[in-house]
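1. have a look at this prediction, sequence included:
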Amino acid sequence: MRSRVVAAGFVPGVVVLGAIVAGCGGTATGATCDDFAAQDDAARGETVLSLLEPHGISSRDLESYRVVVGKVNEYCGLRAGVARESGEATQNNTQPIDAAVDWDSFTH
């Protein structure tokens, strides 16, 4: 009987954990402007950091981080105070935020 209880708790836990991990894996290049806008500032920062390394840029490169944050905010229409704080993208809503930067020619 105990094994059924453990299994009953384990399976839903694995499903939830899998959903969380899958969401984390897709945060960088898979996040859309709507996804990004709905995040708080800390999560937005982590999302931008996760964009850098797949494109060969160190997450410690603060200047590149600053430039990419600006490009993503502009691309998603989150440039100004109220729009930035609203939690809603005003443009490119369903587009991936990775498209905000021309990574092939990116220099800061």
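-> Arrived safely, thanks for sending.
2. could you use CA atoms for every contact and neighbour count after this?
-> Noted.
3. what is the burial count for the closest residue to residue 103 other than its chain neighbours?
-> Counting by CA to CA, 6 or more residues apart in numbering, the nearest residue to residue 103 once its immediate chain neighbours are dropped is residue 55, at 6.9 Å. Close neighbours of residue 55, defined as other CA atoms under 10 Å, add up to 11.
4. next: residue 59.
-> 15.
5. in a helix, it, correct?
-> No - the assignment for residue 59, made by DSSP: H, G, I helix; E, B strand; the rest coil, is coil rather than a helix.
6. returning to that earlier point: go ahead and confirm the residue nearest to residue 103 touches residue 102.
-> No - under the criterion of CA atoms under 8 Å, residue 55 makes no contact with residue 102, lying 10.5 Å away.
7. low-scoring pLDDT stretches of this structure, where are they?
-> Across the chain, residues meeting the criterion (pLDDT under 70) sit at 1-29, 80-86, 108.
8. cool, thanks, signing off.
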